[in-house]
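*Asks:* okay, here's the prediction I keep looking at, along with the sequence it came from:
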Amino acid sequence: MNANIDEFIAGLPKAELHLHLEGSLEPEQMFEFARRNDIDIPYTSIAEVKAAYQFSKLQDFLDIYYMGMNVLQTEQDFFDLTAAYLRKVAAENTRHVEVFFDPQGHTERGISFKTAITGIHNALTQVGGELGVSFKLIMCFLRHLDEASAIKTLNQAKPFKHLLTGVGLDSSELGNPPEKFEIVFKMAKDQGYKLVAHAGEEGPVEYVYDTLDLLNVDRIDHGNRCMDDAILVARIAKQKIALTVCPLSNLKLQVVTDMTKHPIKAMLESGIIATINSDDPAYFGGYMNDNYRSVAHPLNLSIAELTLLAKNSFIGSFLPQAAIDKHVAAIDDYAASFKF
Ligand code: ADE
Ligand code: ZN
């Protein structure tokens, strides 16, 4: 039965709604880009890189993540990074991706907004097109920087607005509450962007309320801590705010102590549109199917629950309704024809 569940997950059509492209930088690629761009990295072997990926909290990871992205220098690097990610997820039956990038992580070290977005978008269009993976692109503001820097980034994005669907908010949550970004989120909404934000990953339940009330987001990234508050859970379910949950990330960053305590099942039982995603797969030990499997077994998720998670990934996406309906129907067909 367990092997069958893994097979079921592997073939399940799915969408990924929470993926930082810079977090898909595999150690092998880090060395390759460092070599071709003549950039120093503080590691001498792949094993040494992997050994460094031990985190007790979000900030431990972020320090290494920002160091890692220094190797991304040229449009070709951003193209290759994005192409490699798409090939991996397409092989896992991921049919649609809504991916993040961190423009300030690049512009702050002298790489232009244009270099990053052009490389990424060309790969999404060309390689995504070849693989049959559709996409939306979302730029995130770094919350450890000030709002003026986020506004500057929103202005830099203007010539590329047609390539972008949304804006998001990521990086160090604690001490950088949603209210810090109220103005820039309002500006982005007025410009027609969809809005998402990381909330309730490490931050308290109040940050989730403020993300809804002050930032007016369409979707919440993570949202684990909302489970501490029954009123908030009911509200998120009622307002159909999808949560983009990342199980292996939660384990690696010690947001959960073990997978038997992961809230994804309780989220589904509460009627929340919960989805499964990989966040930063090169750092957290797995892409989409690994993330599904990581909770399926410890939580004894049923076929109906796994099917619902896959449907939610399209229902919570920014695709037009007709495309969502088509993907949901494909999931129903797949589940109906799967032989256990
Ligand atoms: N940037 C990349 N991954 C992140 C995460 N899990 N939380 C906040 N910021 C991030
Ligand atoms: Zn994230």
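*Replies:* Noted; the coordinates are in hand. Ligands and ions are numbered 1, 2, ... in the order given.

*Asks:* from now on I want contacts and neighbour counts done on CA atoms only, so please keep to that.
*Replies:* OK.

*Asks:* ranges for the strands of the stretch 101-250 of the chain?
*Replies:* Taking DSSP state E, counting those that start in this stretch as the criterion, the stretch 101-250 of the chain carries its strands at 134-142, 166-170, 194-199, 219-222, 242-245.

*Asks:* quick one: contacts of the last one?
*Replies:* The one in question is strand 242-245. Outside strand 242-245, the residues within contact range by Cα atoms under 8 Å, 6 or more residues apart in numbering are 17-18, 218-224, 236, 264, 272-277, 312, 316.

*Asks:* what of stretch 201-212?
*Replies:* Stretch 201-212 is contacted from outside by 58, 173-174, 177-179, 197, 199-200, 217, 222-226, 228-229, 232, 255, using Cα under 8 Å, 6+ apart.

*Asks:* buried sites along the longest helix along the chain?
*Replies:* Among the elements of type helix in the chain, defined by DSSP state H, the one spanning the most residues is helix 113-131. Counting neighbours by 16 or more other Cα atoms under 10 Å, one finds that the buried residues in helix 113-131 are 113-124, 127-128, 131.

*Asks:* now swap in stretch 253-264 and tell me
*Replies:* Using 16+ other Cα under 10 Å as the burial criterion, the residues of stretch 253-264 that qualify are 253, 255-256, 259, 262-264.

*Asks:* just the mean pLDDT for that stretch, thanks.
*Replies:* The average of the pLDDT scores along stretch 253-264 is 98.

*Asks:* how about residue 193, phi and psi?
*Replies:* Phi and psi for residue 193, reported as degrees, to the nearest 10, are phi -80, psi 150.

*Asks:* kindly report the same for residue 297.
*Replies:* Listed backbone geometry of residue 297 is phi -80, psi -50, with angles given as degrees, to the nearest 10.

*Asks:* and it, how many neighbours?
*Replies:* When neighbours are defined as other Cα atoms under 10 Å, residue 297 has 15 of them.

*Asks:* quick revisit: which pair in the buried residues of helix 113-131 spans the largest distance?
*Replies:* 113 and 131 (26.2 Å; Cα to Cα).

*Asks:* quick one on the thing from earlier: distance to ligand 1 added to the strands of the stretch 101-250 of the chain, as TSV?
*Replies:* As requested, the strands of the stretch 101-250 of the chain are arranged in TSV below (distance: least, Cα to the nearest ligand atom, whole Å):
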stretch	distance to ligand 1
strand 134-142	8
strand 166-170	4
strand 194-199	6
strand 219-222	8
strand 242-245	10
